[in-house]
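# Here is my input, please return the structure:
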Amino acid sequence: MQRQDSQDAPLFGEDDDHMKPKKSKIRHPLASFFHLFFRTSAILVYLLCDTFSSRFIACMVTIILLLSCDFWTVKNVSGRLLVGLRWWNQVDEDGKSHWVFESKKQTHSLNTAGSADSRIFWLGLIVCPIFWVIFVFSTIFSLKIKWLAVVIMGLILQWANLYGYVRCKVGGKSNLRDMAKNYIGVQIFKQAMKKLRDLEVEEDE
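Here you go, the predicted structure:
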C-alpha cells in the first residue's frame, strides 16, 4: 500500500486551474454534474423500473451501464478534479500488485475556491451507497431475488470508490490503524478520568 502527495504528478486539469479566474464557487460544474448524474440515474431507474417497464433484462442492463459509467467517472475524473484525490492499482517489476492512494497538496485559496466541489463530491460519494445498502436488505426481505445481483453490484462498485477515496483522504492502512488506536486511547483516558472524579466525590462525602 502506498500513499503519496502528488506535487510531481500533476492531475489533469490542474494547470488550467491556476490560469483561470475563480468566477463561481463551483470550479468544475461539468465534473460535478456527471459525478451525481450516473449514480442518481442508476438509483432512479431501479426505483421506477417496475412502474414504467416490465422488461427486467432491459432495466438490468441499463442500471449496470449507469453503474459502470459512474464507477469510471468517479474514479478517473471527478475525484481528481473536485478534491484532488486518486487511487489505483499498479504492478511492480516483480509482478506484485500494489494499491496506491494519492492526495494532492492544495493551498488555502484552492481549498476555499473548491469547497463547493468538495461538498458535492463527498455528499454524492457517501449518500448513494447508503441507498444500495437499503436496496440489498429490501430485496432480500421482499424476496425479489432476481434483483439481488444488480443491487449487490451497485453496492460493491460504489462502496469501492467510497473506500478508495476515504483511504486517500485519511491516509494509508497505518493511518487508519493510528486513528483507531487514538480513539481507543481517548476513550480509555476519559473512563479513567471519570473513575478518578467518582473516587474524589466519594472521599469528599
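# elements contacting the helix or strand containing Leu123?
Secondary structure assignment for Leu123, by DSSP states H and E: helix 115-141. Using 3 or more Cβ pairs under 8 Å, 6 or more residues apart in numbering; DSSP states H and E as the contact criterion, the elements in contact with helix 115-141 are helix 29-52, helix 79-83, helix 148-170. In short, each C-beta sits where N, CA and C put it, glycine included.
# What's the per-residue pLDDT of the closest residue to Phe135 other than its chain neighbours here?
Take Phe135 and drop its neighbours on the chain: the residue closest to it by Cβ to Cβ, 6 or more residues apart in numbering is Val151, 4.2 Å away. On pLDDT, Val151 comes in at 94.
# Thought Val136 was touching Val151, still the case?
Yes. Val151 lies in contact with Val136 (Cβ atoms under 8 Å); the separation is 5.0 Å.
# Low-confidence stretches in this protein?
Within the chain, the stretches with pLDDT under 70 are 1-24, 105-114, 172-205.
# From the recorded domain assignment, give the ranges for it.
2-171, 172-205 (automatic domain parsing).
# Tell me the secondary structure at the closest residue to Ala160 other than its chain neighbours.
Excluding its sequence neighbours, the residue lying closest to Ala160 (Cβ to Cβ, 6+ apart) is Phe71, at 7.2 Å. Secondary structure, DSSP: H, G, I helix; E, B strand; the rest coil: Phe71 is helix.
# gap between Phe71 and Asp92?
Taking Cβ to Cβ, to the nearest Å as the measure, Phe71 falls 25 Å from Asp92.
# So if I had to pick from these two, which one is more boxed in?
Phe71 (19 against 8; other Cβ atoms under 10 Å).
# thought that one was touching Asn161?
Yes. If you go by Cβ under 8 Å, Phe71 and Asn161 touch, sitting 6.4 Å apart.
# joint contacts of these two?
Shared contacts of Phe71 and Asn161, defined by Cβ atoms under 8 Å, 6 or more residues apart in numbering, are absent.
# check contacts around the closest residue to Asn161 other than its chain neighbours.
Once flanking residues are discounted, Asn161 sits nearest to Val74: 4.8 Å by Cβ to Cβ, 6+ apart. Contacts for Val74 were tallied using Cβ under 8 Å, 6+ apart; they are 35, 39, 125, 161.
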